[in-house]
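> Below is the sequence, then the predicted model.
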Amino acid sequence: MAVHEILATPPVRAPAFPANLDWINTAGEALTLDRLRGKIVLLDFWSYGCINCQHVIPQLRELEHRFPAELAIIGVHSGKYTAERETARIRSAARRLGVMHPIVNDRQYRIWRSFAVRAWPTLVFVDPAGAVLGSHAGEFTAEMLAPLVERLIATHDPRGEIDRQLLAFPPDADPVPPGTLRYPAKVAVHGDLIAVADTGHHRVLVGSLTGVYGEGRGGGGRRMVVTHVVGDGVPGFADGLEARFNSPAGVAFQGETVYIADIENHAVRALNLTSGDVRTVAGTGHQLRTRRERTAGALSSPWDVAVAGDAVYVAMAGTHQIWSLRGGGAHSGADVVAGSGGEDITDGPAGDALLAQPMGLTPSPDGGRFYFVDAESSSVRTFAVDDPDAGRPTGEVRTIVGTGLFDFGDRDGDSETARLQHPQGIAIHPSGRVLVADTYNDAVKWVDPIARTAETFIRGFREPGGLAHHAGRELLYVADTNAHRIAVVDERTGVVSSLEIAGAPAA
C-alpha cells in the first residue's frame, strides 16, 4: 500500500461525530473532531471479534509509539454481532486486546455510514485541519503507514498546524477485576491433569485436579494444584526454562507434552512437563502475510490446538484454515488440512472448502474425525482424516449447524433454524454429541452431529471461550473468559462452581 493510494481522492471536510454515543478510554469525555484539530487522526473502524481487526491492533500500537504527539487514533467500534454493540463488552474486549486509545461505540453504524465505510477493518485518515484524505480497507502494517504520517507532518508542521500537546486519557478499568486468572481463553483436561491458558497474564498454568468427585453439592474436582507456571506475566517470545508467551490460548496434552497456541506470537509452542522446558514447534514470531513467510514457517493467529495420533492440528484463525503439524511439528511438516484460505461458509472437498475464522477444534475419540467451530459464520462443522498420524484430509468439510456469515442469533433447533453467535470453544462428549461454547450468547450448548440440532445446556457465563469435558467425572470445565475464571459444571445437576486455583503466583 503506497501513500498515493490513500491520498487518491480530493480532501473533503470530515463529518462530525454524532452526539450521545458511549466513549471508552476517554475518562468520560465525548470527543469531537474539533477537539482533535491539530492532530493527524486515524479512525479505525473495527469489530472486536474480527481477526483482521485484531491483526491491525499491534500495528496501530506501533504507530502510536512512533508518533505519540502528532497522531490520534480513534477506534470506531461498529459491531457486527448484536453482543458486540454493548459498551460493557467492548470495554472488556479493549482491555483483553490491549487497546488503550479512545473508542466510540458506533452501535447504530452512524459514523460508519457518514464516512461511507463498507468493511472491517477500515482506516480513515483525517488531516490536522479536519479534512478527510482517504481510506484503506483491510489489514496493513505500521511500516506501510509511517511514510504517510511523516509526509503529513512535513506538510502541516511548517504551517504551524500540528498540535503536539499529548492527548492522554487513562484507559478504562476491567469491568470485572481479574484475580489469579485474567481473560483465560482455553482449558484442557487429561486424566486428573489440567492446563489453563491464562491468556491475559501471558502464561499457562498446569496442575492436578483434587477433590472427592461426585460428592457434595455440584460434585467435586473443583480445586487445581498448580505444578507448572510457564511464562512470567510479561508478553514476549522466548523458549527454554524462562519461556515467554504473548496471549496463549489453545492447550492440548500429548503424553508429557502440552501443546500451546500462542496467538500474538503466531506460533505453536510445546511444554515438556518433565523438564519444564518450552520449545517453539512452528511459527517465527511474526504474522504470516506472504508466500516467502509461509515458506519460512510463519503462522497466522493459531487459536486452538488438538492432538490425534502423532499430528498436532491447529485452528488457524488468521488464515481461515485447519493446519496439521506432523511428527511434533517441524516447519517442513506444516500442512493445510481444511480450507482454501477464503472466508465464507462453503462445504466441499477439504482443500476447497471455505472456513470463517475457526477458533476451536476437537477430535473424535479415535482421531478419525474433527469437529470445529467457525466463529465468523457462527457454525459448527466437521471433517474426516484418513490417517490421523499423517494429518491428511479426506472427504468433505460438512456443516452441522450454521448457514451464513451474517446469520447469527440465539435459537435452538435444527440445522436450518438453529442460531449461534460467534462460538469459540468445542469439546467432544462420550455420547457422541459435542459441547459448544456459544461465546457471544454467554452459553454452552449441545450440538448433535447426527441429528444436526443445537440445544441450550446452560447459561450465565461471560463470553466463554474454551471447554474441556472430564471423561468419567461428568464434569465440564469452561474457560469463562470475561469472568476471569474456570467454571466447573456438574453435568448431572447443572450446578456451576468456580475452580479454585492453588499455588499460582500473582502475575
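Right, received. Where do you want to start?

> State the phi and psi torsions of Glu150.
Glu150 adopts backbone torsions of phi -60, psi -40, taken as degrees, to the nearest 10.

> okay, now it: neighbour count?
Other residues near Glu150 come to 14 when the count uses other CB atoms under 10 Å. Glycine gets a C-beta too; all of them are placed from N, C-alpha and C.

> Give me the pLDDT for it.
On pLDDT, Glu150 comes in at 96.

> do you know how far it is from His470?
Going from Glu150 to His470 by CB to CB, to the nearest Å gives 56 Å.

> Equivalent analysis for Val337, please.
Taking CB to CB, one finds Val337 at 27 Å from His470.

> And the strands in the stretch 51-200 of the chain, which stretches?
Assignment of strands within the stretch 51-200 of the chain using DSSP state E, counting those that start in this stretch yields the ranges 71-77, 103-105, 122-126, 131-137, 187-190, 193-198.

> So which elements touch the fifth one?
Secondary structure elements in contact with strand 187-190, counted by 3 or more CB pairs under 8 Å, 6 or more residues apart in numbering; DSSP states H and E, are strand 193-198, strand 248-254, strand 464-470, strand 475-480.

> do that again at 6 Å, thanks
Helices and strands touching strand 187-190, by 3 or more CB pairs under 6 Å, 6 or more residues apart in numbering; DSSP states H and E, are strand 248-254, strand 464-470, strand 475-480.

> Output the strands of the stretch 51-200 of the chain in CSV, with mean neighbour count appended to each entry.
Below are the strands of the stretch 51-200 of the chain laid out as CSV (neighbours: other CB atoms under 10 Å):
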stretch, mean neighbour count
strand 71-77, 24
strand 103-105, 25
strand 122-126, 22
strand 131-137, 18
strand 187-190, 24
strand 193-198, 27
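
> Surely Gly75 and Leu42 touch.
No. Shown here, Gly75 and Leu42 do not form a contact pair, counting by CB atoms under 6 Å, at 9.5 Å.

> Now do Phe370, the pLDDT please.
Model confidence at Phe370, given as pLDDT, is 95.

> which ones are touching it?
Counting by CB atoms under 6 Å, 6 or more residues apart in numbering, Phe370 makes contact with 361, 363, 383.

> Does Ala356 touch Glu343 like I think?
Yes. At 5.1 Å, Ala356 counts as touching Glu343 under the criterion of CB under 6 Å.

> which residues do those two both contact?
By CB under 6 Å, 6+ apart, Ala356 and Glu343 have these common neighbours: His320.

> Neighbour count: the two, which is higher?
Ala356 (24 against 19).

> quick one: Arg452 and Met100, what's the gap?
Separation of Arg452 from Met100 (CB to CB) stands at 43 Å.

> and what of Ser47?
The spacing between Ser47 and Met100, counted by CB to CB, is 18 Å.

> of the two, who's got more company?
With neighbours defined as other CB under 10 Å, Ser47 and Met100 compare such that Ser47 has more, 21 against 18.

> How many neighbouring residues does the residue nearest to the more buried one when sequence neighbours are not counted have?
Distances taken as CB to CB, 6 or more residues apart in numbering place Lys80 nearest to Ser47, at 4.5 Å, with adjacent residues excluded. When neighbours are counted by other CB under 10 Å, Lys80 registers 19.

> Show the backbone phi and psi for Lys80.
As for Lys80, its main-chain torsions (degrees, to the nearest 10) stand at phi -70, psi -50.

> Can you report how many residues neighbour the nearest residue to Ala437 once chain neighbours are set aside?
In space, and not counting its chain neighbours, Ala437 is closest to Gly425: 3.2 Å by CB to CB, 6+ apart. Here the number of neighbours of Gly425 (other CB under 10 Å) works out to 30.
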